[in-house]
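[1] I need the structure of the sequence given here:
(one chain, ligands or ions: 4)
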Amino acid sequence: DVALYAAKAEGKGRWLRYRQEHEVRAAERMRLRAALETALPHGEFFLEFQPIVALADGRTVGFEALLRWNHPTRGRLMPGEFIEIAEESQAIVAIGNWALSAAVTAAAAWPHGDARCTPYVSVNVSARQFRAGGFTEHVRQVLAESGLPACRLMLEITETLLLGDDEQVWQDLAELRQTGVRVAIDDFGTGYSALNYLRHIPLDVLKLDRVFTSSLTTSQRQADLVDGIITLAQKMRLDTVAEGVELPGEHDLLRRLGCGYGQGYLFARPMSAEAAGRWATTHAGRSPSPR
Ligand code: C2E
Ligand code: MG
Ligand code: MG
Ligand code: MG
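    Ligands and ions are numbered 1, 2, ... in the order given. Just a heads-up that it's a prediction; the model follows:
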């Protein structure tokens, strides 16, 4: 009986602690949601850029633009701490459109030698930005104002966007691709995917999610799965970018499996726009000893 009582008390204590934590988290989210509303006018967002590298020879072909929030009291926040909250409201539309415009402006200032379509900038686009209307016009306007060739912009969309048979999204993507903008499917294989979108959605690049990359060298089964995805991409004439490449062994195996490109800490962490410009100059050429 004493033991039972102790267990009950312990259980109650645990439940109370859980409830307290839950309330703290809910209050925290509410504060973040309110702060998000003013973050854009207060200029609190900035972007970092992570190199996307050709696995065969190590040259950098582009950069993914990644959003950061300089919160007035909490300091620098990563997307994992606020994107979901922004996605819950309409806030992501203005924030995402700001990110697009800032990324394109930064890319227009990067040195590119004789190359027309590199280095490109790859920008994450939320489904809500598409659904808000006027997205293709916004893209065209941002490109025109910056002077960036359309082929130096890539848009990263997620499988969720392609879920329903949304004719409007399909048309927007087709229209954007006609202007030369490229489209990547981000975090491939982790969403609620219905592979049938591959039959008719116009795409250029498949980004293999980090969970596949990081499990790649752990077993034959994982390697076979990635092998199959890369083969699928090749058959669909899509380029493949592997996310989260951290180990030389992952790099080697991905290259042998026919994955064209990679992104990850093995090559570089996300960096400022200025650092990316310098990086582009020093890593544009073929590296002396690719293999
Ligand atoms: P994502 O699009 O899949 O971006 C890749 C994430 O993986 C980035 O996290 C990047 O910093 C991280 N990463 C890159 N290489 C490695 C590696 O080798 N190891 C590990 N562990 N991580 C690596 P980040 O910057 O925290 O962004 C998280 C997510 O937030 C992004 O995932 C994207 O879905 C979203 N996001 C970022 N910027 C934007 C934006 O401007 N708009 C929208 N809608 N979403 C964004
Ligand atoms: Mg992305
Ligand atoms: Mg991704
Ligand atoms: Mg990912």
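
[2] which positions in the protein make contact with ligand 2?
    For the chain, the residues found near ligand 2 under the criterion C-beta under 5 Å from the ion are 124, 156, 186. No exception for glycine: its C-beta is placed from N, CA and C like everyone else's.

[3] which ones among those lie within strands?
    Among the residues of the chain next to ligand 2, the ones falling in strands (DSSP state E) are 124, 156, 186.

[4] wait, the last one sits on Ile157?
    To tie it back to what came earlier, the one meant is Asp186. Yes: at 6.4 Å, Asp186 and Ile157 qualify as touching, with contact defined as C-beta atoms under 8 Å.

[5] what parts of the stretch 101-250 of the chain come near ligand 4?
    Within the stretch 101-250 of the chain, the residues that sit near ligand 4 (C-beta under 5 Å from the ion) are 187, 209.

[6] at 6 Å instead, please
    By the criterion of C-beta under 6 Å from the ion, the positions of the stretch 101-250 of the chain lying close to ligand 4 are 187, 209-210, 243.

[7] isn't there a helix covering Leu225?
    Yes: counting by DSSP: H, G, I helix; E, B strand; the rest coil, Leu225 is located in a helix.

[8] find the nearest non-adjacent residue to it, please.
    Phe212 (7.0 Å; C-beta to C-beta, 6 or more residues apart in numbering).

[9] in three-state terms, label that neighbour for me.
    Classification of Phe212 by three-state DSSP places it in helix.

[10] now it: how far from ligand 2?
    Plainly put, Phe212 is 14 Å away from ligand 2 if you go by C-beta to the ion, to the nearest Å.

[11] for the residues of the stretch 101-250 of the chain next to ligand 4, which one is nearest Ala26?
    Sorting those by how near they are to Ala26, with C-beta to C-beta, puts Asp187 at the top with 27.1 Å.

[12] for the closest one, give me its contacts.
    In this structure, Asp187 makes contact with 158-159, 207, 209, 243, judged by C-beta atoms under 8 Å, 6 or more residues apart in numbering.

[13] those residues: which ones sit near ligand 1?
    Among the contacts of Asp187, the ones lying close to ligand 1 by the criterion of C-beta under 6 Å from any ligand atom are Glu243.

[14] hmm, the residue nearest to Leu225 is touching Ile229, no?
    Yes: with contact defined as C-beta under 8 Å, Phe212 counts as touching Ile229 (7.0 Å).

[15] overlap in contacts of the two?
    In the contact map built from C-beta under 8 Å, 6+ apart, the residues linked to both Phe212 and Ile229 are Gly189.

[16] which phi and psi values does Tyr261 adopt?
    phi -140, psi 160 (degrees, to the nearest 10).

[17] same question but for Val183, I mixed them up
    Summarising the backbone geometry of Val183 under the convention degrees, to the nearest 10, its torsions are phi -130, psi 130.

[18] so what's it bridging to?
    When assigned by DSSP bridges, Val183 has beta-bridge partners Leu155.

[19] count of neighbours near it?
    Using other C-beta atoms under 10 Å, Val183 has 21 other residues around it.

[20] cool, the one 3 residues further on as well?
    Other residues near Asp186 come to 23 when the count uses other C-beta under 10 Å.

[21] excluding its backbone neighbours, what's nearest it?
    Taking C-beta to C-beta, 6+ apart, and ignoring the residues beside it in sequence, Asp186 has Glu156 as its nearest neighbour in space, at 4.1 Å.

[22] what about the stretch 151-291 of the chain, any weak spots by pLDDT?
    Within the stretch 151-291 of the chain, the stretches falling below the threshold (pLDDT under 70) are 164-165, 193, 285-291.

[23] repeat that for 50
    When residues are selected by pLDDT under 50, those of the stretch 151-291 of the chain lie in 287-291.

[24] closest point of it to ligand 3, which residue?
    Asp186 (4.1 Å; C-beta to the ion).

[25] contacting residues for that residue?
    With contacts defined as C-beta under 8 Å, 6+ apart, the neighbours of Asp186 are 124, 156-158, 207.

[26] what does stretch 163-174 rub up against?
    Residues from elsewhere that reach stretch 163-174 (C-beta under 8 Å, 6+ apart): 130-131, 135-136, 157, 161-162, 183, 192, 194, 200-203.

[27] now render these as JSON lines, adding distance to ligand 3 and secondary structure.
    Rendered in JSON lines, the data for the contacts of stretch 163-174 read as follows (distance: C-beta to the ion, whole Å; DSSP: H, G, I helix; E, B strand; the rest coil):
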{"residue": "Phe130", "distance to ligand 3": "17", "secondary structure": "helix"}
{"residue": "Arg131", "distance to ligand 3": "20", "secondary structure": "helix"}
{"residue": "Phe135", "distance to ligand 3": "20", "secondary structure": "helix"}
{"residue": "Thr136", "distance to ligand 3": "22", "secondary structure": "helix"}
{"residue": "Ile157", "distance to ligand 3": "10", "secondary structure": "strand"}
{"residue": "Leu161", "distance to ligand 3": "13", "secondary structure": "helix"}
{"residue": "Leu162", "distance to ligand 3": "15", "secondary structure": "helix"}
{"residue": "Val183", "distance to ligand 3": "14", "secondary structure": "strand"}
{"residue": "Tyr192", "distance to ligand 3": "16", "secondary structure": "coil"}
{"residue": "Ala194", "distance to ligand 3": "19", "secondary structure": "coil"}
{"residue": "His200", "distance to ligand 3": "22", "secondary structure": "helix"}
{"residue": "Ile201", "distance to ligand 3": "17", "secondary structure": "coil"}
{"residue": "Pro202", "distance to ligand 3": "19", "secondary structure": "coil"}
{"residue": "Leu203", "distance to ligand 3": "14", "secondary structure": "coil"}
